[in-house]
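[1] here is my input, please return the structure:
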Amino acid sequence: MGLIRRLRVTQRAMERAMLGVSLRDLIGNEEIRRRTRVTDIAQRVAKLKGQWAGHIARITDGRWGLKVLEWRPRTGKRSVGRPQTRWTDNIRRVAGSRWRQSAQGRVLWNSLQKTYVQQWTSIG
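    Numbers count the residues shown, from 1 in each chain. Okay, the predicted model is just below:
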């Protein structure tokens with residue numbers, strides 16, 4: 001979430017630069033977003049992540065993308081403390097542990113993807 005926060009701050013700075021607006025002008029973020037008509041970076045990232053996950057789940061020819069998602073370290077252990085979230089942990093929260101089977105049906109996956117985008121962007 002720290003990365004998304006930094007991306008959002010950078011995007012807002014770029015939008016202000018595009019409009020020639022300073023922070024001193026006290027124009028709200030919603031007004032700047034309305035003027036530029038640019039999609040929020042968090043929504044775009046979440047949408048692309050969901051699309052890519054569905055694409056990878058539907059591939060059946062043995063390419064390395066799915067193998068990377070299922071990879072586990074040889075030791076089988078993660079470092080002490082709170083484990084870092086894996087790439088698929090957020091997807092599993094929305095679609096369940098059987099997300100790869102859900103991704104086979106594009107209609108179901110698209111609805112889950114919309115839910116994922118809403119949930120992911122509301123957190124950050």
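[2] my read: residue 100 touches residue 60, true?
    No. Applying C-beta atoms under 8 Å, one finds residue 100 not in contact with residue 60, separated by 10.9 Å. No exception for glycine: its C-beta is placed from N, CA and C like everyone else's.
[3] low-confidence ranges in the chain?
    1, 70, 72-74, 76-78, 120, 123-124 (pLDDT under 70).
[4] higher neighbour count, residue 100 and residue 60?
    More neighbours sit around residue 100 than around the other of residue 100 and residue 60, counting by other C-beta atoms under 10 Å; the figures are 18 against 8.
[5] all strands of the protein, in order?
    Shown for the chain, no strands are assigned by DSSP state E.
[6] let me see the domain layout of it.
    Domain segmentation of the chain under automatic domain parsing yields 1-38, 40-69+85-124.
[7] got the buried residues for the shortest one?
    Burial within domain 1-38, assessed by neighbour count using 16 or more other C-beta atoms under 10 Å, is assigned to 4, 7, 8, 11, 12, 15, 16, 32.
[8] residue 55 versus the residue minimising distance to the centre of the chain, what's the distance?
    Among the residues of the chain, residue 46 comes closest to the average C-alpha position under C-alpha atoms, centre = their mean, at 2.7 Å. Using C-beta to C-beta, to the nearest Å, one gets 15 Å for the distance from residue 46 to residue 55.
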